[in-house]
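**Student:** Below is the structure, and that's it, no one-letter string:
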């Protein structure tokens, strides 16, 4: 079936899916403050606006976290008027919206009926796993668009052999967006032609050439990052150790257990249904079965991050839909199906909203603290991981002043003794503790103390963060408490 014919015949379900996407995603786009990676990436994007660098930077230092393409793209897009979050999140929303058509058509090319593809895509859109990356300024929405489009291009015979080069280019750029996840493109391309497409394609020189795109990108990224000594950190600390726990068997088991909890909470009953559908129907579509099996990789390293499962959600949704629709060899949408689907849909959307609400409650105090000290000089941030406050101060000052003020930041490990707070407030450059100075590149993988470079000799404001239990009795003698909420405190020091 040609692409043009697919688009013509399937235009109605596609339009419905696009509408559902906007209904579910638009209200959540600005619901929560920037948080976690969302906040860190906003700072990194602003640094790239000052000049694109081969290795993304954070606080002026190259960091071995992610490749450059996501940050480059956002950096060349103009800042948007309105809420701060819109500038960093709108591209994710648009990439998510743009993914619907190629993913639906890919399911059709993979042998799904119109009904099965439609129900699968509805399930795909309902979960927090797919909603979160579409409504946050993180990499995964852009990445998955490239994956879906590359696989659709591979599956479209009508585009000719030249399509393999186009698909290979997309696989290359996907790797330049989020490294090893892009390896699923050649894996699924081979599976498609092995089980669905023309098998002789597997020996086509252009097809084989396209499979080299990911290894070529992997080598290129290593050489680029290794020029700053970060190649091994990227591939060992941020990729290998993500899949293989350095804590041995117990650590690996804990990761898998946390991944299963993520699936049960963020995908809800759909994941349980997908297990039933996979066991009963995997032989009917071995291409989708291979795609489903790939969920083993995010299971190994999810760290309670549900969006890690985004690349395998189409397969989870497909087998969940099969479990509901298939009765023998027929697809049946009866009263039971309608009631069960509606109930599960409502439950999934409600659970997704609760996850957003939890994130909003946790980060709203950090946003308020960051905006409180925005435009103020001589500010010190001290305590546990609190990028939200720093991002809002930084971005707000860039908007108003063109560049942010200098500030101090000491990142302390969890459960640090309260005396460490006082020591750094009293003497920012204290040598009493072993400190990683300047670069925060290993902040995600080690429990060290990190200290930002700063030329400030004395501070007028202190933003302290930690667990509510630690911060409950925290005070700075002689300082005025301007804000105290959920483990985030803002102090005005005496002149």
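**Tutor:** Nice, I can see it. No experiment lies behind these values; they were computed from the predicted model shown.
**Student:** so who does residue 33 touch?
**Tutor:** 85, 360, 363, 364, 366, 367, 388, 392 (C-beta atoms under 8 Å, 6 or more residues apart in numbering). Using the backbone N, CA and C atoms, a C-beta is placed for each residue, glycine as well.
**Student:** any idea which element the residue nearest to it when sequence neighbours are not counted lies in?
**Tutor:** With C-beta to C-beta, 6 or more residues apart in numbering as the criterion, residue 33 has its nearest non-adjacent residue at 3.8 Å, and that residue is residue 367. In the assignment (DSSP states H and E), residue 367 maps to helix 335-373.
**Student:** which residues are in contact with the helix or strand following that helix?
**Tutor:** Remark: after helix 335-373, the chain's next helix or strand is strand 379-383, criterion DSSP H and E. Residues outside strand 379-383 that contact it (C-beta under 8 Å, 6+ apart): 373, 389-390, 393, 405, 407-412, 421, 424-425, 428, 456, 459-466.
**Student:** again, only using 7 Å
**Tutor:** For strand 379-383, the external contacting residues (C-beta atoms under 7 Å, 6 or more residues apart in numbering) are 373, 389-390, 393, 407-410, 412, 421, 424-425, 428, 459, 461-466.
**Student:** Let's see which of these end up in strands.
**Tutor:** 407, 408, 409, 410, 461, 462, 463, 464, 465 (DSSP state E).
**Student:** out of the contacts of residue 33, which is most surrounded?
**Tutor:** When neighbours are counted as other C-beta atoms under 10 Å, the busiest of the contacts of residue 33 turns out to be residue 388, with 28 neighbours.
**Student:** For it, which non-adjacent residue is spatially closest?
**Tutor:** Counting by C-beta to C-beta, 6+ apart, the residue nearest residue 388 is residue 366, at 3.7 Å.
**Student:** if I pick the one you found, what's in contact with it?
**Tutor:** Taking C-beta under 7 Å, 6+ apart as the test, what residue 366 contacts is 33, 386, 388, 389, 488.
**Student:** following the one helix or strand in the chain whose mean pLDDT sits lowest, which helix or strand shows up next?
**Tutor:** Lowest on mean pLDDT, DSSP states H and E among the helices and strands of the chain sits helix 3-9, with a mean of 67. Sequence-wise, the next helix or strand downstream of helix 3-9 (DSSP H and E) is helix 11-25.
**Student:** burial count for the closest residue to residue 217 other than its chain neighbours?
**Tutor:** Excluding its sequence neighbours, the residue lying closest to residue 217 (C-beta to C-beta, 6+ apart) is residue 175, at 3.5 Å. Counted with other C-beta under 10 Å, the neighbours of residue 175 add up to 26.
**Student:** Which per-residue confidence value corresponds to residue 175?
**Tutor:** According to the prediction, residue 175 has pLDDT 97.
**Student:** returning to what we had before: and the residue nearest to residue 33, how close does it get to residue 392?
**Tutor:** Between residue 367 and residue 392 the computed distance is 5 Å (C-beta to C-beta, to the nearest Å).
**Student:** Show me what counts as buried in stretch 102-119.
**Tutor:** For stretch 102-119, burial by neighbour count (16 or more other C-beta atoms under 10 Å) applies to 102-110, 112, 116-119.
**Student:** Inside helices: which ones of the residues you listed?
**Tutor:** 102, 103, 104, 105, 106, 107, 108, 109, 116, 117, 118, 119 (DSSP state H).
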